[in-house]
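K.L.:
turn this into a structure:
(one chain, ligands or ions: 1)
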Amino acid sequence: MFRSIVAVFTLVVFPLMALAHSPLEKAIPANGAVLETPPTEYKMLFKSPARLIKFDIFQKNENDNKKSLLKSLFKSSNGKLIEINFKPSLVMSESHLIKLPEINNGSYEVRWRAVGEDGHVLKGIHTFEIKGK
Ligand SMILES: [Cu+2]
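P.N.:
Residues are numbered from 1 along each chain as shown. The predicted structure is shown next:
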């Protein structure tokens, strides 16, 4: 009995904790930000040095917004992938700057992946919205 409780705890609670504790100090635009003007770059500040190995940005479909974070983690985005000329970083750094092309008003989803100093993979999904003035 006790053992199965521990197993359930490990399976259910630990992954949730991992989600709750972002390895990011901050992102600009912040997750959930609503902006008046399109950003020209995306800035990520990690709590400790990491190599950013993947950065995809999608323009989301209108009816996509209701999906919960948990759901979207297990599903790939059905948004439109935006062409950026992203190259995986070769050096460990706490800050990463990704140049964005011109983007229109709408909802965006960023899916990133990085490798921390201990070799662990870090990843996350952020969203932001450009509303216009
Ligand atoms: Cu680690």
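
K.L.:
so who does Ile84 touch?
P.N.:
Phe55, Ile57, Ile98, Lys99, Leu100, Pro101 (Cβ atoms under 8 Å, 6 or more residues apart in numbering). Backbone N, C-alpha and C define where each C-beta goes, glycine included.

K.L.:
so it: helix, strand or coil?
P.N.:
coil (DSSP: H, G, I helix; E, B strand; the rest coil).

K.L.:
gap between it and the ion?
P.N.:
Distance of Ile84 to the ion, computed by Cβ to the ion, to the nearest Å: 27 Å.

K.L.:
neighbours of the residue in the chain positioned nearest to the ion, how many?
P.N.:
Distances between the chain and the ion by Cβ to the ion are smallest at His120, namely 3.3 Å. Residues lying near His120 (other Cβ atoms under 10 Å) number 10.

K.L.:
distance of it relative to Arg51?
P.N.:
11 Å (Cβ to Cβ, to the nearest Å).

K.L.:
try Glu94
P.N.:
For Glu94, the distance to Arg51 - Cβ to Cβ - is 11 Å.
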